[in-house]
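1. Quick one, structure for this:
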Amino acid sequence: MNTGRYASAVAIIMLAGATFAACFPSGNERGTAEPEGTAADSIAAQAGDDSSYHQVRIDSILPPEDAATRYTTLTDEDFRRVANELQVEVPAIKAVVLIEAGKHMEGFWGPGLPVVNCDRSLWSSVAKKVKSRAKAPASTQVPQGLKHAYARKAWRKLINARKICIEQADLCTFWGMFQIGGFNYRLCGCATIQEFVELMSYSELEQLELFAAMITNTGQVKYLRAKNWAGFARAYNGPGYARRGYHTRMAAAYKRLKGN
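-> Numbers count the residues shown, from 1 in each chain. Have a look, this model is predicted:
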C-alpha cells in the first residue's frame with residue numbers, strides 16, 4: 001500500500017465570517033445537501049481513542065490536475081478499485097455514501113469546497129489536539145462557487161470558527177461525502193489535520209481513500225464485508241443509529257443499488 005503524500009494537494013481554504021456566536025448558532029442545523037443522516041450522530045462512534053492507530057492507506061491513482069475533472073463524481077472504476085482493496089462490494093460502499101451524503105452522493109459543493117458540517121458541541125473536546133492557534137484573516141470572505149444557500153451557510157459556520165482557531169475549527173468539522181470528523185485525521189492515514197483537509201479538498205477519490213483507510217484502521221470494514229448494517233451503523237454512526245434508522249436505510253440502499 002502506498003503511504004506517500006501528495007504535494008499537489010490543494011491548499012487549505014481559509015475563509016471568513018462575522019463572529020464566533022454566528023459560527024455556532026443554537027439548534028441542530030445540518031449543512032449537507034438533502035442528507036439522509038445527521039453527522040452529529042457519528043460523534044460518539046468517531047471520537048474513540050486512536051492510540052493504537054495503524055497507518056493504512058489504499059493506493060491512490062490521482063485524478064488529472066484539471067479542476068474541471070478532478071471534482072466530478074466518482075466513477076464506477078474508482079469504486080471498484082477501492083472495493084477490491086477492501087474486499088467489499090461496490091454497492092455496499094455506495095450505500096454508505098447515499099446515507100451520509102444524500103441522494104446526490106456528492107462530496108463537493110464547488111471546486112476545492114467539500115461538503116462540511118462544523119459541529120459546535122466538539123469545540124472544547126478537540127482542544128487538546130490543537131498544535132497551532134493560528135487564525136484565519138478577519139478580512140477573508142466566503143468564496144465564489146457555492147451556489148446554494150445551505151452550502152454558503154455551512155461554510156460560513158466553518159470560517160467563522162477558523163477566525164478563532166483554524167485547527168480547532170477543522171478538527172470539529174465533519175468532511176466530505178462520508179462526513180468523517182476532522183478529529184479522526186490519524187485514523188485516515190494523515191499525519192496532520194492540515195493534510196487531512198488538503199486531501200478532503202482535493203477530490204472525491206481522495207475522500208473515498210480516506211474513508212477506506214479509516215474503516216480499515218477501526219476494523220469497521222468487517223461489517224461492510226458481511227453486510228452487517230446494524231454492526232456498521234453502530235460503529236460508524238454511534239449509539240443513536242437505530243433511532244435514526246441508519247441500518248435499515250443502508251440495507252435498503254444496498255438492495256436498491258445491488259438491483260435485487
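
2. contacts and neighbour counts: CA atoms only from here.
-> Noted.

3. just for the stretch 1-150 of the chain, where's the confidence low?
-> 1-69 (pLDDT under 70).

4. at 90 instead, please
-> Regions of the stretch 1-150 of the chain meeting the criterion pLDDT under 90 cover residues 1-75, 97, 100-106, 111-112, 120, 139-145, 147.

5. Which residue ranges of it form helices?
-> 20-23, 43-46, 67-70, 76-86, 90-101, 149-162 (DSSP state H, counting those that start in this stretch).

6. Grab the CA positions of the fourth one and hand them over as CSV.
-> Taking Å, rounded to 0.1, in the frame of the first residue of the first chain, the C-alpha atoms of helix 76-86 are listed here in CSV:
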residue,chain,number,x,y,z
ASP,A,76,-17.6,3.0,-11.1
GLU,A,77,-13.9,2.1,-11.7
ASP,A,78,-12.9,4.3,-8.7
PHE,A,79,-15.4,2.4,-6.6
ARG,A,80,-14.4,-1.0,-8.0
ARG,A,81,-10.7,-0.4,-7.4
VAL,A,82,-11.1,0.6,-3.7
ALA,A,83,-13.8,-2.0,-3.1
ASN,A,84,-11.4,-4.7,-4.4
GLU,A,85,-8.7,-3.4,-2.0
LEU,A,86,-11.1,-3.6,0.9
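
7. so Pro114 makes contact with Leu199?
-> No - Pro114 lies out of contact with Leu199 (CA atoms under 8 Å); the separation is 10.1 Å.

8. Relative to Gly231, how far out is the nearest residue to Cys188 once chain neighbours are set aside?
-> Computed as CA to CA, 6 or more residues apart in numbering, the closest residue to Cys188 that is not its neighbour in sequence is Met214, at 4.5 Å. Applying CA to CA, to the nearest Å, the value for Met214 to Gly231 is 16 Å.

9. Those two: which is more packed in?
-> Neighbour totals were compared for Met214 and Gly231, and Met214 leads with 26 against 17 (other CA atoms under 10 Å).

10. Confirm for me that that one is in contact with Leu187.
-> Yes - between Met214 and Leu187 there is a contact under CA under 8 Å: 5.1 Å.

11. wait, isn't Glu204 in contact with Thr75?
-> No - between Glu204 and Thr75 no contact is recorded; they are 9.8 Å apart, counting by CA under 8 Å.

12. higher neighbour count, those two?
-> Legend: neighbour count by other CA under 10 Å for Glu204 and Thr75, higher for Glu204 (26 against 10).

13. And the helix or strand harbouring Asn217, what does it pack against?
-> Assigning secondary structure by DSSP states H and E places Asn217 in helix 204-218. In this structure, helix 204-218 packs against helix 76-86, helix 193-200, with contacts taken as 3 or more CA pairs under 8 Å, 6 or more residues apart in numbering; DSSP states H and E.

14. Arg162 is nearest to which of those helices?
-> Between Arg162 and the helices and strands packed on helix 204-218, the shortest gap by CA to CA is with helix 193-200, which sits at 12.8 Å.
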